[in-house]
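S.K.: here's a sequence, model it:
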Amino acid sequence: VTYNGQIPGPPIVICEGDELVVNLKNNVDGRMTNADGSTNTTTLHFHGIREKSRPWSDGVPFVTQCPIQPGDPTFHYGFNASEIDGAPPGTYWYHSHVGSQRTNGAYGALVIKERVPDASIVDDAANTLVLQEWYESSTNQIPVSILINGKGRVGEKKLFCEDDETLNYLKGKGGNCQYITNEDFPDSFSTNYAEFDVEKTTSYRFRIIGAISQNFPLQLSIEDHKFTAIAMDSLDIEPVPDLTNVWLAAGERYDIVVQTKTSVPEKAYKIKILGYADINHKLSPLCSIAWLKYPNQKIDYTYVTPYDCSGFDNSSDLSFSRTLNPVPNNYAEWEGSPGNGKIFIKDIKSTKNQPTINLDNLANLNTHYIEFIGDITFNNRRMKYPDVPFLLQNPENKTDRCGSKCDLRVGKTANHFPYLYTNCSDFPECPANAGSSEEEYCKCQHVIQQPWAPGYWAETVLINNNKDHTAAHPIHQHGGWYWVVGMGKYNKTINRKFIMDEDKKNLLNRTFAYAPAKDTLQIPQNGYAIIRTPLDNAGAWIFHCHINYHVEIGMAMVLQIGEQGGKHPLDGQDWCTGPLEQNTACKTPPPSPKGGPGFINWFFGMEPAHRCVKPGTKVTWLWVNKDHN
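M.R.: Down below sits the predicted model:
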């Protein structure tokens, strides 16, 4: 699945203050299928853009719009690259939010450049690396290569997993795979690795985008070079110097500055990318490279990365390595940071302070505790999407909602100064095992409804209980950044009650000064993260794990700010729905929290194929060859 016939899609590079309009026409073939059974509808999401004036342009099916059908009129997405839409200069990206289309290639880079850039740094948007693990087909869910800007090579051997290990990989627990001979390994390659040209003794800004699909974090290092991180998830941070490695999970971005050398050898340097099908145990590695080329250096175009990635991981050499954002799955590394050369998000500072984030201890209106229960749920709930998108309901249909609604109130301090506070109440809970004795989770329209209250914040404590060695889930919030005010990790099993009790005892530390902002954050196993979100962006914003398999089976909820159609005594609670029609059911039904139906492509003369389908699942056979009938 491509944008304009290329993977990645065409890079979008604009300047601060520009108005961007993207006209999306759905020409997806009706025979296209994904492993999750999603249809040939589509949408477009600008990852990291707040869309403050046009929440209808956020691109999430059944949340902000109906999915676009083939033959539908062109959909006009866009934003203003300024505070109007909450889009300051930085590194963003765009992708489809339907099914596995992002996994299958529907993504691209989005860069907003400063009007007055730092003259001491070469900031060329061409120096952007879009990283993704790549799969053999839409139904073979073990990666076979890593793409850098759509370029890469397969190895002489490839990873193979049995069905149960493939499922463990998709769940985020890691797949125990083996190497088998790659029958598709060519005698010669028609593609080369990506190349980046640099001059000597110059500082270059490189933008790195984690367009990663599943639980396959990727590590970047540059042969014989160190670098400084200056931004993450689009916003500036206090520089983190002398780095040898940086890790990215699905959805994350980092901007780094590389100071080039005064003298270089004859051969070009390798930018090394490394990942593991089992990141928790660093098993089943996969790797790729790009070339960093100085003038007159030579590139070995016969080079192919070793299938077992020997020589790619330097992070164990503590006397040399200094790693930013390692996967937070090691308690000893967490406790020893940053002195041990491991720099986690808890160790990073923003360049800007948020003066209202804890003003007079009144700025936080409420706190919600969200635990990742049963591997892939929020508080044992999986998202069940409505036929009418949340954003377009007027008035809202709350029949199938779970979660909570926080109503705004006005109080007075002891000095008789007015302030806002909230009274939160839960929606009716849906029972577990609803519809099946095999299901331990509840299926509902999971919404946390907050008031629109500029200058005030809502706090969420995200709890990863690490049941069965699951992922350090990368949690992404639409509608803008959250500020990370606390993180912690334990060397024992935890749960929501334990963390809530710890918080009551004031044992969860919060640091508000220069707290770092993120829109995608790995939550440590057996740990937590405390985030605060400003309540200044009215709309319905999805909040989800960015591992594609996880969001597709319902590890998501909606952060609603304001209330469409609500006659609230305080103004500003409504939001803009733009050109979209309200209160109209979408033409296609929303996805099931169980995942989609089974699809099997078949054609004349095909080799025998095997598909593992859960008993009782509907299977559709699709004839995919136009030349035979």
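
S.K.: what pLDDT does residue 564 get?
M.R.: Residue 564 is assigned a pLDDT of 84 by the prediction.

S.K.: contacts only, for it.
M.R.: 391, 393-396, 574-575, 577 (C-beta atoms under 8 Å, 6 or more residues apart in numbering). The C-beta positions use only the backbone N, C-alpha and C, and glycine is treated the same way.

S.K.: ok, now with 6 Å
M.R.: 394, 574 (C-beta atoms under 6 Å, 6 or more residues apart in numbering).

S.K.: quick check: it vs residue 78, distance?
M.R.: 22 Å (C-beta to C-beta, to the nearest Å).

S.K.: residues near residue 135, how many?
M.R.: Residue 135 has 19 neighbours, counted by other C-beta atoms under 10 Å.

S.K.: what pairs with it across the strands?
M.R.: With DSSP bridges as the criterion, residue 135 is bridged to residue 143.

S.K.: so how far is residue 426 from it?
M.R.: Distance from residue 135 to residue 426, by C-beta to C-beta: 40 Å.

S.K.: distance check, the residue nearest to residue 523 when sequence neighbours are not counted against residue 262.
M.R.: Nearest residue to residue 523 in three dimensions, chain neighbours excluded: residue 464, at 4.4 Å (C-beta to C-beta, 6 or more residues apart in numbering). Using C-beta to C-beta, one gets 45 Å for the distance from residue 464 to residue 262.

S.K.: more neighbours: those two, which one.
M.R.: residue 464 (25 against 6).

S.K.: so what's that one scoring on pLDDT?
M.R.: 95.

S.K.: okay, now residue 125: neighbour count?
M.R.: Neighbours of residue 125 under the rule other C-beta under 10 Å: 17.

S.K.: which residues in this structure form helices?
M.R.: 163-171, 331-336, 496-504, 548-552 (DSSP state H).

S.K.: how about these in JSON lines, adding mean neighbour count?
M.R.: Formatted as JSON lines, the helices of the chain follow (neighbours: other C-beta atoms under 10 Å):
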{"stretch": "helix 163-171", "mean neighbour count": "18"}
{"stretch": "helix 331-336", "mean neighbour count": "15"}
{"stretch": "helix 496-504", "mean neighbour count": "15"}
{"stretch": "helix 548-552", "mean neighbour count": "24"}
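
S.K.: of those, which is nearest residue 514?
M.R.: Closest of the helices of the chain to residue 514 is helix 331-336, at 20.8 Å (criterion: C-beta to C-beta).

S.K.: how far away is the residue nearest the centre of the chain from residue 76?
M.R.: Centroid-nearest residue in the chain: residue 251, 3.0 Å away (criterion: C-alpha atoms, centre = their mean). According to C-beta to C-beta, residue 251 and residue 76 sit 25 Å apart.

S.K.: repeat that for residue 536.
M.R.: The value you get for residue 536 to residue 76, if C-beta to C-beta is used, is 25 Å.

S.K.: with neighbour numbers in mind, choose between the two.
M.R.: Set side by side, residue 536 and residue 76 show more neighbours around residue 536, with 18 against 13, by other C-beta under 10 Å.

S.K.: excluding sequence neighbours, find me the nearest residue to that one.
M.R.: The nearest residue in space to residue 536 (C-beta to C-beta, 6+ apart) is residue 454, at 4.1 Å.

S.K.: what part of this structure, helix or strand, is modelled with the least confidence?
M.R.: strand 598-602 (a mean of 49; mean pLDDT, DSSP states H and E).

S.K.: shaky segments in the stretch 1-150 of the chain?
M.R.: 30-39 (pLDDT under 70).

S.K.: show me where it has strands.
M.R.: 12-15, 19-24, 45-47, 75-80, 90-95, 107-113, 128-137, 140-148 (DSSP state E, counting those that start in this stretch).

S.K.: which among the ones you listed is found nearest to residue 558?
M.R.: strand 45-47 (14.6 Å).

S.K.: return the list of strands paired to that closest one, each annotated with direction.
M.R.: Counting by DSSP bridges, strand 45-47 is paired with strand 90-95 (antiparallel).

S.K.: centre of the chain to the partner strand, how far?
M.R.: Mean C-alpha position of strand 90-95 versus that of the full chain (C-alpha atoms, centre = their mean, to the nearest Å) differs by 11 Å.

S.K.: ditto for stretch 546-558
M.R.: 10 Å.

S.K.: quick check: end-to-end length of that stretch?
M.R.: In stretch 546-558, first residue to last residue: 14 Å (C-alpha to C-alpha, to the nearest Å).

S.K.: pLDDT weak spots in the stretch 151-300 of the chain?
M.R.: In the predicted model of the stretch 151-300 of the chain, no residue satisfies pLDDT under 70.

S.K.: quick one, strands of it?
M.R.: Counting by DSSP E, counting those that start in this stretch, the strands of the stretch 151-300 of the chain are 157-160, 178-181, 195-197, 203-210, 218-222, 227-232, 235-243, 245-248, 253-259, 269-278, 283-293.

S.K.: make a markdown table out of those and add distance to residue 131 and mean neighbour count.
M.R.: What follows is these, written out as a markdown table (distance: least, C-beta to C-beta, whole Å; neighbours: other C-beta atoms under 10 Å):
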| stretch | distance to residue 131 | mean neighbour count |
| --- | --- | --- |
| strand 157-160 | 18 | 19 |
| strand 178-181 | 22 | 12 |
| strand 195-197 | 14 | 17 |
| strand 203-210 | 6 | 22 |
| strand 218-222 | 5 | 25 |
| strand 227-232 | 15 | 22 |
| strand 235-243 | 17 | 17 |
| strand 245-248 | 7 | 24 |
| strand 253-259 | 10 | 22 |
| strand 269-278 | 6 | 23 |
| strand 283-293 | 9 | 23 |
